[in-house]
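[1] here is a sequence together with a model predicted from it:
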Amino acid sequence: MDRVGADFYRVVSQMKTKLSMKPLILQIPIVDHDGFYGLVDIVSQKAVYWEEKTLGTAFREEEIPEEYRKLADGYRSEMLETLAEFDEDIFESYFGEIAIPADEIKSVIRKGTVNLHFFPVLCGAALKNMGVQKLLDAVLDYLPSPADLPPVVGLNPETSKDEGRQPSIDAPFSALLFKAQTDPHLGLIYYMRVYSGKVEGGDKVRVYPPDRVDRVSRLLLMHANKREETKSLTVGEIGVVTGIRECKTGYTLCSLKHPIAFESMRFPEPVIFVSLEPKTRMDDAKLDDTLRYLQIEDPTFKVRTDEETSQRIVSGMGELHLEIIVERLKREFGVECHVSRPQVSYRETICSTVTSEGRFIKQTGGRGHYGVVKLRIEPTERGRGISIVNKLKEGVIPKPFVPAIEQGVREQAEVGVHFGYPVIDIQVTILDGQHHPIDSSDLDFKVAAQIALRGAFEKGEPTLLEPIMSLEIIVPQNYLGDVINDINSRKGRILSVETNKQEKIIEASLALAKSFGYATDLRSITQGHGIHTMQFSHYEPKEEKEETI
């Protein structure tokens, strides 16, 4: 609530219109000309204030101010009417004008929240810790504990069947690593959530997906920037594990005798890249090690070496993302870098369905090469990536060679075909092929598949796709025209313009290539009064022919 342009009631309205959900307002903000400084708790019917000097650690409860009494009564009636739809006791008490205890109200709110009938809405300001205590109370009062939910489900790697884990200390140990971090004293540490059982320092655990056995060195409980060593972590706890070999976000830890692998997290592909070079040769090796650690911490950050120029190419989700990475290299690791101008990570696809045959047949003095693959390539909807369908008839190509065909398609798609950018949003169907009982090998079918894919792209109307960013801009009303003109000059699209008091909220979409330096330009246009948020939205065909690198 301390953000410029924050409007509690507008956000509640957006929950209904944009998310199609039923908000249940449990707090309303108390604001004045200086901004947010308290809230009205609808359930307890008290006003809560935080002292500025205590940074949110101390608060006091008072009677609701007279100017907020009518508004609070209205939202309390709305809250009780919503609860009455789901609970007969509340219905009878509310319409019988009988006082309802706060504990009974909380019980019904919890029941409705767990069943997703409605969604409690609270307010606060994290920077000054205002509202944090009430938020934590609400987590305990309304959100489901693991015991209220079905058992968490994962895949047993040994049987390839789904298995459940009860949230019980008696169940076999299982946990999910959800964050990796570099600690200056401990090296790589991993945050994990324990879903079942118990783990102690010194225990051996299985790690998936690499399927290896590691020994847990130390277990820690983290309290903001403080840590506390503990002998064990049990079901429901969130803690830190050290000593295990290098892992990634989304890995599963489990007991040796009862393996399970939870579903990994999926992350969007980077859309922007720059080249990095250390300012001194002494930092060269240090930069490589540091970038490796940052990749482990942040799954949306990628590093590769250009084979032709030997440059380090780092990719991320936006200009700000890469700026933060470069600043962290300097501040936390003491490595200063030269940074190139950001470049756009384009993609390519085809616009029509084509069938192509790839033939890799070579006869030499000894064993030859023989692989023939026939593929159908067709475009799919945006965001589908690459899917491969096997429609081979029995015996046309031996089954052991089929994975090589898929590998060939994916490897060729990764390096690009027509424009040299990764291929996305196609479906590849393996239709037919030929093999030789002696000369055929995995390599032959892999190369044949790559030849078929390249041939299909030449006939399938290849097109370049560029990343499109979604943009929300909040500006004072008198700068609206200038900001819209600037978006239009960048060939962006204005999706909507809303009014919020004296400010305008502009929703727009803009090609990433046109968004470089936008933060600086917006500050200049609005004399520092405009703010914006930008995030990747989707890929769409590039309309104009521009030089791409």
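    The structure has been received and is ready for your questions.
[2] show me where the protein has helices.
    8-19, 66-84, 88-95, 102-114, 132-142, 284-297, 319-331, 402-415, 442-459, 480-489, 518-525 (DSSP state H).
[3] mean neighbour count, these: which tops it?
    helix 442-459 (a mean of 22; mean count of other C-beta atoms under 10 Å). Using the backbone N, CA and C atoms, a C-beta is placed for each residue, glycine as well.
[4] packing partners for that one?
    With contacts taken as 3 or more C-beta pairs under 8 Å, 6 or more residues apart in numbering; DSSP states H and E, helix 442-459 sits against strand 347-350, strand 354-362, strand 369-379, helix 402-415, strand 426-435.
[5] low-confidence stretches in the chain?
    Residue ranges of the chain with pLDDT under 70: 53, 307-309, 365-366, 544-549.
[6] what is the neighbour count of Leu495?
    For Leu495, the count of nearby residues is 12 (other C-beta atoms under 10 Å).
[7] do the one 5 residues further on as well
    A total of 14 residues lie near Asn500 under the criterion other C-beta under 10 Å.
[8] distance check, the closest residue to it other than its chain neighbours against Pro120.
    Spatially, and ignoring its direct neighbours in sequence, Asn500 is nearest to Asp7 (5.2 Å; C-beta to C-beta, 6 or more residues apart in numbering). As judged by C-beta to C-beta, to the nearest Å, Asp7 and Pro120 stand 19 Å apart.
[9] what of Glu466?
    Distance from Glu466 to Pro120, by C-beta to C-beta: 40 Å.
[10] neighbour count for these two, which is higher?
    Each of Glu466 and Pro120 has its neighbours counted (other C-beta under 10 Å); Glu466 has more, 22 against 19.
[11] in CSV: the helices of the chain, plus distance to Val497.
    Converted to CSV, these look like this (distance: least, C-beta to C-beta, whole Å):
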stretch, distance to Val497
helix 8-19, 14
helix 66-84, 28
helix 88-95, 40
helix 102-114, 34
helix 132-142, 32
helix 284-297, 38
helix 319-331, 24
helix 402-415, 40
helix 442-459, 41
helix 480-489, 7
helix 518-525, 16
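[12] tell me which of those approaches Glu498 most closely.
    The closest of the helices of the chain to Glu498 is helix 8-19. By C-beta to C-beta, the value is 7.9 Å.
[13] how about residues contacting that closest one?
    The contact list for helix 8-19, computed with C-beta atoms under 8 Å, 6 or more residues apart in numbering, reads Met1, Met21, Lys22, Pro23, Ile25, Ile28, Pro29, Phe119, Val121, Cys123, Glu498, Asn500.
[14] and it, C-alpha only, in CSV?
    These are the backbone C-alpha positions of helix 8-19, laid out as CSV (Å, rounded to 0.1, in the frame of the first residue of the first chain):
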residue,chain,number,x,y,z
PHE,A,8,-6.8,-1.1,-2.8
TYR,A,9,-10.3,-0.9,-4.2
ARG,A,10,-9.1,-0.9,-7.8
VAL,A,11,-7.1,-4.1,-7.2
VAL,A,12,-10.2,-5.8,-5.6
SER,A,13,-12.1,-4.8,-8.8
GLN,A,14,-9.4,-6.3,-11.0
MET,A,15,-9.6,-9.6,-9.0
LYS,A,16,-13.2,-9.9,-10.2
THR,A,17,-12.7,-8.8,-13.8
LYS,A,18,-9.3,-10.1,-14.7
LEU,A,19,-9.1,-13.2,-12.5
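[15] ok so, going back, do you know which of the helices of the chain lies nearest Ser217?
    Set against Ser217 and scored by C-beta to C-beta, these come closest in helix 284-297, at 17.2 Å.
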